[in-house]
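Asks: attaching a predicted model along with its sequence, questions to come.
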Amino acid sequence: MTTERTRRRLPRRVREREIVDAALRVFAQRGYHAAVVDEIADLAGISKPMVYLYLGSKENLFVACVRQAAEALVTAFRQAADSGDGPQLRLWRGLSAFFAFVAEHRDSWVILHRQTPEQSEAITEELERARESVMAEVTDLVRRGIDEGGADARLGAADADFVASALVGAADSLTDWMERNPQETPERVALRLMNMIWVGMRDVLGGEMWSPPGDSVG
């Protein structure tokens with residue numbers, strides 16, 4: 001039987017991970033404002049004062065949850081994308097990893113994208129950093145695709161940012177669709193999205209551009 005004495009012997013990083021894992025579940029289920037530290041402490045198997053000793057405050061605990069969830073998502077995306085040969089496979093594998101993360105780590109996804117924006121400044125800033133870290137990975141992936149695809153010289157950083165924003169927005173929306181269609185696997189959702197966007201992206205990377213009649217768009 002594990003006692004409080006033996007639990008104290010765990011390394012600090014292990015103890016903090018246990019607390020954050022418990023907090024992820026409670027915050028995802030209750031929301032930030034309704035969540036109570038007592039429930040987090042019970043789930044982590046320690047006392048409430050111990051939670052405060054390690055994390056300092058409920059706000060710090062939520063920030064730690066956001067940071068852990070964002071790092072896990074970015075790492076999963078990066079590792080999957082880096083294993084692809086060429087821009088097409090990198091994008092496919094990155095998207096598959098993204099949707100797999102959402103399916104397998106629902107609490108983390110709720111923390112990152114389903115919490116209300118009416119939070120403290122520290123929490124709002126951490127959520128923004130989390131989104132920026134994801135955007136940076138996708139933008140870099142698109143930028144490399146432009147460079148390696150030998151695209152028209154007119155394509156540059158602004159184009160990569162535009163495409164990345166569109167991709168992230170589409171992927172975010174599709175997580176709601178996944179929830180309504182649980183029979184769809186992450187790989188299938190990624191395939192659907194690839195079939196929607198890749199033909200157009202492939203043409204753009206090859207230098208082909210569409211303009212309306214008369215080219216009236218500036």
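Replies: Received, thanks.
Asks: so who does the residue nearest the centre of the chain touch?
Replies: In the chain, the residue lying closest to the centroid (CA atoms, centre = their mean) is residue 73, at 4.5 Å. Residues near residue 73 by CB atoms under 8 Å, 6 or more residues apart in numbering: 98, 101, 105, 108, 112, 134. Just so you know, the C-beta spots here come from the backbone N, C-alpha and C atoms, and that holds for glycine as well.
Asks: farthest-separated two in the residues you listed?
Replies: Farthest pair in the contacts of residue 73 (CB to CB) is 105 and 134. Separation: 13.9 Å.
Asks: so after the longest helix anywhere in the chain, what's the next helix or strand?
Replies: Longest helix of the chain, by residue count under DSSP state H: helix 121-148. Counting by DSSP states H and E, the next helix or strand C-terminal to helix 121-148 is helix 157-180.
Asks: then that next one to PDB, C-alphas only?
Replies: The C-alpha trace of helix 157-180 is given here as PDB (Å, rounded to 0.1, in the frame of the first residue of the first chain):
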ATOM      1  CA  ALA A 157       6.500  34.000 -46.000                       C
ATOM      2  CA  ALA A 158       3.100  35.700 -46.300                       C
ATOM      3  CA  ASP A 159       1.800  32.800 -48.500                       C
ATOM      4  CA  ALA A 160       3.100  30.200 -46.000                       C
ATOM      5  CA  ASP A 161       1.400  32.000 -43.200                       C
ATOM      6  CA  PHE A 162      -1.900  32.300 -45.100                       C
ATOM      7  CA  VAL A 163      -1.900  28.500 -46.000                       C
ATOM      8  CA  ALA A 164      -0.900  27.500 -42.400                       C
ATOM      9  CA  SER A 165      -3.700  29.700 -41.000                       C
ATOM     10  CA  ALA A 166      -6.200  28.100 -43.300                       C
ATOM     11  CA  LEU A 167      -5.000  24.600 -42.500                       C
ATOM     12  CA  VAL A 168      -5.100  25.200 -38.700                       C
ATOM     13  CA  GLY A 169      -8.500  26.700 -38.900                       C
ATOM     14  CA  ALA A 170      -9.800  23.800 -41.000                       C
ATOM     15  CA  ALA A 171      -8.300  21.200 -38.700                       C
ATOM     16  CA  ASP A 172      -9.700  23.000 -35.600                       C
ATOM     17  CA  SER A 173     -13.200  22.900 -37.100                       C
ATOM     18  CA  LEU A 174     -12.900  19.300 -38.100                       C
ATOM     19  CA  THR A 175     -12.200  18.300 -34.500                       C
ATOM     20  CA  ASP A 176     -15.900  19.100 -33.800                       C
ATOM     21  CA  TRP A 177     -16.900  17.100 -36.800                       C
ATOM     22  CA  MET A 178     -14.900  14.200 -35.500                       C
ATOM     23  CA  GLU A 179     -16.800  14.300 -32.200                       C
ATOM     24  CA  ARG A 180     -20.100  14.200 -34.100                       C
END
